[in-house]
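>>> how does the following fold in three dimensions:
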Amino acid sequence: MDEAAEQIILDFYRYPPVGDDDWRYLSQTAQVRMLEMQLLSKTVLLNMAEAENFEAAAEFLAASEYALTRGGKGLAEVENILRAQRAAVRELFADLMLDKEIVKLFRTRDDFANLRLAVRRAVTKKALGLDYSNEGNMPAEAYEEAFREENYSRFPNYMQEAIERAVPAYYQNKDVRQIDYAIDNVQAEYNLKKARQMKNIFLAGLFRIQIDLTNIRTMLRLKYAGVESRFLGDNIFLKGGYLELERLRRGLETGYEAMGQVFFVKPYYEAVEAGANWFASDKSFLRIEQRCEEHLTGFLKTTIQIVTGPQPIIAYLLMKENEIRTVRLILTSKKNALDKKLILDRLGS
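Predicted structure coming up:
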């Protein structure tokens with residue numbers, strides 16, 4: 001089956017299949033099942049959002065691994081704790097994952113993030129800096145050296161291709177957003193290519209869902225900006241998802257109140273309808289962000305049907321990372337005295 005044909009076939013109602021059991025992962029799966037039980041509940045997160053202030057919100061974390069030290073009240077301490085937890089879960093993921101190609105694949109997330117930053121700095125003539133993530137496959141110090149010398153041979157092919165696409169894309173109109181679009185496209189293509197090479201049904205489904213959710217967010221933001229579909233370049237929407245690109249373009253030309261109907265036969269109907277209606281009334285992207293996150297989490301939770309395999313380990317990594325981001329969002333919002341309604345809207349209460 002070629003990729004064009006695969007893109008328009010949808011043989012599931014809400015979520016794609018997650019693949020078969022892999023009995024090599026019996027003990028590793030048991031370990032993450034225990035860890036899943038320790039994830040913060042929705043009730044805890046909502047209680048944090050409802051709290052009167054930063055200190056009261058932080059109190060709900062007192063018995064968790066996110067607990068602040070006695071007298072700790074600053075965002076700097078919060079950020080240190082969250083970074084440590086993210087590093088720990090990624091290290092655990094690498095230890096539990098027997099298929100090291102999957103570990104390498106997930107580390108490319110930091111490679112691409114570093115590359116976006118480095119290319120932006122290089123084309124805008126800003127200092128290249130040394131503040132790159134060291135959790136990718138490439139060491140952080142490689143970026144400053146490579147871009148200073150304009151020698152990218154040290155980078156793997158997928159990163160070289162991203163640079164080759166991103167730099168000319170920027171110089172067409174000197175629009176830094178084109179850098180993100182170009183690199184995002186290379187990353188999406190690379191992820192799908194690796195999933196197919198590994199014949200991993202779960203990863204293929206995960207990456208295609210992520211592509212669709214990214215495209216839906218992009219569609220709504222372009223509509224808000226007043227961009228017409230006929231003016232879109234070929235690289236604005238990511239390719240390879242379950243949604244046809246023409247459907248996304250049609251959604252862009254449709255009023256907010258009818259946008260959901262364009263996606264009526266697709267798994268994302270409820271997310272698009274809720275997000276579009278919310279934006280029409282509140283001029284806010286909070287609901288579409290929440291619904292997209294909810295849809296992806298729903299897919300990750302379907303790995304409960306797997307007795308043993310890498311799927312639950314991947315799902316746990318992503319759910320834990322999402323938990324860390326949510327804790328950061330709530331505590332940062334509380335520290336900055338944002339309206340609790342905004343936080344609750346983002347959590348989907």
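>>> going forward, measure contacts and count neighbours with C-alpha atoms only.
Noted.
>>> residue 214 sits in which helix or strand?
Taking DSSP states H and E as the definition, residue 214 sits inside helix 201-224.
>>> helices or strands up against that helix?
If you count contacts as 3 or more C-alpha pairs under 8 Å, 6 or more residues apart in numbering; DSSP states H and E, helix 201-224 packs onto helix 177-197, helix 245-252, helix 286-301.
>>> after the last one, which helix or strand is next?
Pointing back at helix 286-301 there. Using DSSP H and E, the first helix or strand after helix 286-301 is helix 310-335.
>>> then the second one?
Taking DSSP H and E as the definition, the helix or strand that follows helix 245-252 towards the C-terminus is helix 256-262.
>>> next one: the helix or strand following that following helix to chain centre, how far?
Next in sequence after helix 256-262, counting helices and strands by DSSP H and E, comes helix 269-282. Remark: helix 269-282 is offset 20 Å from the chain centroid, using C-alpha atoms, centre = their mean, to the nearest Å.
>>> now helix 269-282: buried residues?
Within helix 269-282, the residues scored as buried using 16 or more other C-alpha atoms under 10 Å are 269, 270, 271, 272, 273, 274, 275, 276, 277, 278, 279.
>>> who's in contact with that helix?
The contact list for helix 269-282 (C-alpha atoms under 8 Å, 6 or more residues apart in numbering) reads 216, 220, 256-261, 263, 284-289, 291-292, 295.
>>> same question for stretch 311-331.
18, 28-29, 32-33, 36, 39-40, 45, 48-49, 54, 57-58, 75, 78-79, 82, 85-86, 89-90, 93, 96-97, 202, 297, 300-301, 303-304, 306, 343.
>>> most widely separated two among the buried residues of helix 269-282?
The largest separation in the buried residues of helix 269-282, counting by C-alpha to C-alpha, is between 269 and 279 at 15.4 Å.
>>> still on that earlier bit, any chance of the helices and strands packed on helix 201-224 in CSV, with mean neighbour count and distance to residue 141 too?
Shown next, in CSV, are the helices and strands packed on helix 201-224 (neighbours: other C-alpha atoms under 10 Å; distance: least, C-alpha to C-alpha, whole Å):
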stretch, mean neighbour count, distance to residue 141
helix 177-197, 19, 20
helix 245-252, 17, 38
helix 286-301, 19, 33
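>>> among the ones you listed, which is nearest residue 167?
Nearest of the helices and strands packed on helix 201-224 to residue 167, taken as C-alpha to C-alpha: helix 177-197 at 6.8 Å.
>>> summarise which helices and strands the closest one is packed against.
Applying 3+ C-alpha pairs under 8 Å, 6+ apart, one finds that helix 177-197 makes contact with helix 100-123, helix 157-173, helix 201-224.
>>> hey, which of these is tucked in deepest?
The highest mean neighbour count among those, using mean count of other C-alpha atoms under 10 Å, belongs to helix 201-224: a mean of 20.
>>> low-scoring stretches of the chain, by residue?
By pLDDT under 70, the low-scoring segments of the chain are 1-11, 71-72, 229-231, 233.
>>> quick one, domains of it?
As assigned by automatic domain parsing, the chain contains the domains 3-99+198-347, 100-197.
>>> ends of the last one, how far apart?
Distance between the boundary residues of domain 100-197 (C-alpha to C-alpha, to the nearest Å) amounts to 14 Å.
>>> what does stretch 55-75 give?
With C-alpha to C-alpha applied, stretch 55-75 spans 11 Å between its terminal residues.
>>> same question for stretch 234-250.
Stretch 234-250: ends 15 Å apart by C-alpha to C-alpha.
>>> for stretch 166-182, same thing?
The first-to-last residue distance of stretch 166-182 comes to 5 Å (C-alpha to C-alpha).
>>> centre of the chain versus it, how much separation?
Using C-alpha atoms, centre = their mean, the offset of stretch 166-182 from its chain centre is 21 Å.
>>> stretch 81-92 too?
17 Å.
>>> C-alpha coordinates for that stretch, CSV please?
Only the C-alpha atoms of stretch 81-92 are listed here, as CSV (Å, rounded to 0.1, in the frame of the first residue of the first chain):
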residue,chain,number,x,y,z
ILE,A,81,11.8,19.6,40.3
LEU,A,82,9.9,19.2,37.0
ARG,A,83,13.1,19.0,34.9
ALA,A,84,14.4,16.3,37.3
GLN,A,85,11.2,14.3,37.0
ARG,A,86,11.2,14.5,33.2
ALA,A,87,14.9,13.4,33.1
ALA,A,88,14.1,10.5,35.4
VAL,A,89,11.1,9.2,33.4
ARG,A,90,13.1,9.4,30.2
GLU,A,91,16.0,7.5,31.8
LEU,A,92,13.5,4.9,33.1
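>>> circling back: which of the helices and strands packed on helix 177-197 sits closest to residue 13?
Residue 13 lies closest, by C-alpha to C-alpha, to one member of the helices and strands packed on helix 177-197: helix 201-224, at 13.2 Å.
>>> to residue 187, which of the helices and strands packed on helix 177-197 lies closest?
helix 100-123 (7.1 Å).
>>> same for the closest one, what does it pack against?
When contacts are defined as 3+ C-alpha pairs under 8 Å, 6+ apart, helix 100-123 sits against helix 75-96, helix 141-149, helix 157-173, helix 177-197.
>>> any chance of TSV for those, columns distance to residue 106?
Formatted as TSV, the helices and strands packed on helix 100-123 follow (distance: least, C-alpha to C-alpha, whole Å):
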stretch	distance to residue 106
helix 75-96	9
helix 141-149	19
helix 157-173	14
helix 177-197	9
